[in-house]
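> only geometry, no sequence info:
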Ligand code: ITT
């Protein structure tokens, strides 16, 4: 089954491909007129709300096109830091682009509570139905920027299961087996293709 992922982030597409292909889904990034559509992200307190809003836009873009009967996927994610009351959370993109990773580490300078989590909400539209699933990856904000792989906040986030390594020091397979995106997408795959009873 083909799943059209509407996102401007190719790293997300690569991760989704790695997660969903072994489950029998073929993930493709949606391009319209040769470009990834630019979805508006509303300022909202909850990433669920942002994901649903993105999905509405994505579905309306495919209506009346060759893609209208395909499964359409969007996803919204963010880093939620305990000692910063969940900041940057839904503002993760803006914060990454403005103060960046070093800005986050400065905000946390001297902080002993380094607990944080990545959260992702995947939302899919298929045959008139909307399905959403949330994935969470608990861990810690590192003291330093480490690692070259991945993207976004990966170089400063250490998942609980990663033996002290940041996400940017994990292989793609290691990351997706424990990541917020991995859990959210596996959940959505079960909703799209429930096991026969
Ligand atoms: P979309 O086009 O799908 O919206 P995006 O990169 O804008 O792509 P989000 O708004 O969902 O994605 O992401 C919010 C921020 O969180 C952004 O700075 C991402 O780089 C970062 N982020 C999301 N998932 C991540 C992951 O798995 N590892 C590291 N950073 C991540």
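Nice, I can see it. A quick note: this is a predicted structure, and the numbers were derived from the prediction, not measured. Residues are numbered from 1 along each chain as shown.
> which residue sits closest to residue 8 in space, ignoring its chain neighbours?
residue 36 (5.0 Å; Cβ to Cβ, 6 or more residues apart in numbering). (Each C-beta comes from the backbone N, C-alpha and C, glycine too.)
> Does the residue in the chain that the ligand sits nearest to belong to a helix, a strand or coil?
The minimum distance from the chain to the ligand, using Cβ to the nearest ligand atom, falls at residue 152 (2.3 Å). Classification of residue 152 using DSSP: H, G, I helix; E, B strand; the rest coil returns coil.
> same question for the lengthiest helix in the chain, mean pLDDT?
Ranked by residue count under DSSP state H, the longest helix found in the chain is helix 47-62. Averaged across helix 47-62, the pLDDT comes to 95.
> same deal with stretch 108-123?
Here stretch 108-123 scores 97 as its mean pLDDT.
> distance between the ends of that stretch?
Terminal residues of stretch 108-123 lie 32 Å apart, using Cα to Cα, to the nearest Å.
> what's the nearest residue to residue 21 if we skip its chain neighbours?
Leaving aside its chain neighbours, residue 21 sits nearest to residue 27 (6.9 Å; criterion: Cβ to Cβ, 6+ apart).
> where exactly do the helices run in this protein?
10-20, 47-62, 92-98, 100-107, 172-178, 180-192.
> Could you check the last one against the ligand for contacts?
Same thing as helix 180-192. Yes. Legend: contact between helix 180-192 and the ligand by Cβ under 6 Å from any ligand atom is shown at residue 181.
> Show me what that helix is packed up against.
With contacts defined as 3 or more Cβ pairs under 8 Å, 6 or more residues apart in numbering; DSSP states H and E, the packing partners of helix 180-192 are helix 10-20, strand 71-81, strand 115-126, strand 129-141.
> Burial-wise, tell me which of these comes out on top.
Greatest average neighbour count among these goes to strand 71-81 (a mean of 25), per mean count of other Cβ atoms under 10 Å.
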